[in-house]
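[1] Here is the input, now give the coordinates:
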Amino acid sequence: METVSFGRTGLKVSKLCFGTMGVGSSQWKPWVLDKAESQPLLEKCLDLGITFFDMADWYSIGESERVVGSTLLSMVPRDQLVFATKAHYAMSEDPNDRGLSRKHLLSAIDASLNRIGTDYVDIFMVHAWDPDTPIEETMETLNDIVRSGKARYLGASTMYAWQFAQMNHVARENGWTSFVNMQCQYNLLYREEEREMIPYCQNQGIAITTFSPLARGWLGGSKHKARSDSDVYFNKNYGDALDLKIIELVESIASDHNATMAEVALAWVCSKQAICSPLISAASLDQLDSNVNALQLELSPGEIDSLDELYRPRDVVNDYVPLPLPRHFGGVLPDE
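    Predicted structure coming up:
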C-alpha cells in the first residue's frame, strides 16, 4: 500500500489507517468484535499493507488497546507500525480519570503504553476539548510526554477549529510541542470541516486524518442494526431527505463502476488532496478488502462534482454538540 507524508513531519504512514473502535469487547458495545474475531482482521491489515492503527483508551475501556497491541506486536517488529492513541473520555467513575488535566494525561499515557505493550506511541492525541482544564496545563503536559519519549508526535480530535488553533498557539508561544495531526469527521454526508478546520490545517501543514468516512454505515449500503440501536449519533447525525438523495447517487455511481457503495464513498474521501489518511474499519475480511479496493477506484471529475454539488450546509454535529439542529437548506432539495 502507498505510504504518504504525515503533514509537514518526516513521518510516513499507510494511506489508510485502521480505526480500532470496533475492536475489543462486545460487552462495551454490541457491535464491537471480541479478540478472537478481531485478530484475523488485524492480521489481514498487515497483509494489505496497512501499518497505521488508531486507538483510544476509551475504546472498550482499554481492552481495544490490549487486543491491538498483543495481536500486532506478536507479528511484526514495533518499528514497522505506527500507533496512535487518545485520552480524554471517562475511564471510570473517578472525576480525575478523565479530561485533559496533568494528573489524568500522565496517568493515561502510562496506562495506554502498558496495555498496548510498548514503550512509546507514535501519536498521542487529545480525544476532545476539555473546557475545565487550562490550555497551558494541557499543552505543557503534552510537551513533557513527548520530551519523555513516551510519544513521538501530538494530535487532537473532536473540537472546533478555533479551539484547536488556540491550543497550538499556546504551545508555540511557550516553546512547547504543538499538534501535527487533526482527526475530524468527514464524509459525503458531513463536510462542515471544509469551512475552517481543513483550511487551517492545510495552511499550517497539519496532517488531517478523518473518521467515519462511511457516515457510520449509512454510505455502506446497509444499516448495522446493533450499531443503530446503541450509537446515539447513528440516527441523530444522518438520515434526512438530502442524505438519502446523496446515498442514492453513491449507489448509482457504484453500479456504474461495478463497485460497492463503500468503495465509492471512500474513494471520494481519498480524492480530496487535503486528507492524509482516512480511518477505515471493518466487521469482516470482505469489508476490509472492499475498503482497500477503494484506493484503486478512480472517480471521474464529473462524478466527484456531482457528489459535491448535492451537499448543503448543516449544523455542526459531533461529540461537542449535544444535539444536531435541522439542516440549513430550507427543506428544499437541490433541483426540486
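[2] Tell me who's in contact with the residue nearest to R191 when sequence neighbours are not counted.
    Counting by CB to CB, 6 or more residues apart in numbering, R191 lies nearest to Y311, which is 5.6 Å off, once chain neighbours are set aside. C-beta here means a position set from N, CA and C on the backbone, and glycine is covered the same way. Applying CB atoms under 8 Å, 6 or more residues apart in numbering, we find Y311 in contact with 188, 191, 242, 246.
[3] How about I280?
    Per CB under 8 Å, 6+ apart, neighbours of I280: 16-19, 213, 266, 288, 291.
[4] how close does S74 get to P131?
    S74 sits at a distance of 40 Å from P131 (criterion: CB to CB, to the nearest Å).
[5] Pull up the gap between P40 and D286, please.
    Per CB to CB, P40 is found 12 Å from D286.
[6] no, scratch that, I was asking about V250
    Using CB to CB, V250 is found at 19 Å from D286.
[7] who's more crowded, the two?
    Between V250 and D286, counted using other CB atoms under 10 Å, V250 has the larger neighbour count: 26 against 10.
[8] The more buried one: which element?
    helix 241-257 (DSSP states H and E).
[9] helices or strands next to that helix in the packing?
    Judged by 3 or more CB pairs under 8 Å, 6 or more residues apart in numbering; DSSP states H and E, the packing partners of helix 241-257 are helix 261-270, helix 301-310.
[10] Which parts of this protein are helices?
    If DSSP state H is used as the criterion, the helices of the chain fall at 35-48, 63-73, 102-116, 135-147, 161-173, 197-204, 225-230, 232-237, 241-257, 261-270, 285-293, 301-310.
[11] can you list contacts of the fifth one?
    Contacting residues not belonging to helix 161-173 are listed as 129, 135-136, 138-139, 142-143, 156, 176-179, 182, 193, 195-197, 200, 204 [CB under 8 Å, 6+ apart].
[12] What subset of those is buried?
    Listed as buried from those are 129, 135, 138-139, 142-143, 156, 176-179, 182, 193, 197, 200, 204; burial here means 16 or more other CB atoms under 10 Å.
[13] From those residues, pick the one nearest W31.
    Nearest to W31 among the buried ones among the contacts of helix 161-173: E193, at 25.1 Å, using CB to CB.
[14] A84 and L46: what is the separation?
    From A84 across to L46, the span is 16 Å (CB to CB).
[15] of those two, who's got more company?
    Taking other CB under 10 Å, A84 and L46 do not tie; A84 has more neighbours (26 against 17).
[16] thinking again about what came up before, quick check: the two most widely separated of the buried ones among the contacts of helix 161-173?
    Largest separation among the buried ones among the contacts of helix 161-173 by CB to CB: N143 and E193, giving 26.1 Å.
[17] Mind picking out the helix or strand in this structure with the poorest mean pLDDT?
    When each helix and strand of the chain is scored by mean pLDDT, DSSP states H and E, helix 225-230 comes last, with a mean of 50.
[18] Any buried residues in stretch 283-293, and which?
    Result for stretch 283-293 [16+ other CB under 10 Å]: buried residues 283, 287-288, 290-292.
[19] ah, wrong one, I meant stretch 204-215
    204, 206-215.
[20] how about the nearest residue to the spatially most central residue of the chain, chain neighbours excluded?
    Centroid check for the chain by CA atoms, centre = their mean gives F211 as the closest residue, at 3.1 Å. Excluding the flanking residues, the one nearest F211 by CB to CB, 6+ apart is L279, at 4.7 Å.
[21] What of A282?
    Nearest residue to A282, sequence neighbours excluded (CB to CB, 6+ apart): L288, at 4.0 Å.
[22] if we can go back for a sec, kindly export the helix holding V250 (C-alpha atoms) in CSV.
    Extracted as CSV, the C-alpha positions of helix 241-257 are listed here (Å, rounded to 0.1, in the frame of the first residue of the first chain):
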residue,chain,number,x,y,z
ALA,A,241,-34.0,13.7,2.9
LEU,A,242,-30.9,15.2,1.4
ASP,A,243,-28.7,12.5,2.9
LEU,A,244,-30.9,9.9,1.2
LYS,A,245,-30.5,11.7,-2.1
ILE,A,246,-26.7,11.6,-1.8
ILE,A,247,-26.8,8.0,-0.8
GLU,A,248,-28.9,7.2,-3.9
LEU,A,249,-26.3,8.9,-6.1
VAL,A,250,-23.5,6.9,-4.4
GLU,A,251,-25.4,3.7,-5.2
SER,A,252,-25.8,4.7,-8.8
ILE,A,253,-22.1,5.5,-9.3
ALA,A,254,-21.2,2.2,-7.5
SER,A,255,-23.3,0.4,-10.0
ASP,A,256,-21.6,2.1,-13.0
HIS,A,257,-18.2,1.0,-11.7
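[23] Over it, what's the mean pLDDT, rounded is fine.
    In this model, helix 241-257 has an average pLDDT of 97.
[24] that older thread, tell me the one of the buried ones among the contacts of helix 161-173 nearest A90?
    Looking across the buried ones among the contacts of helix 161-173 and measuring by CB to CB, the closest to A90 is W129, at 14.9 Å.
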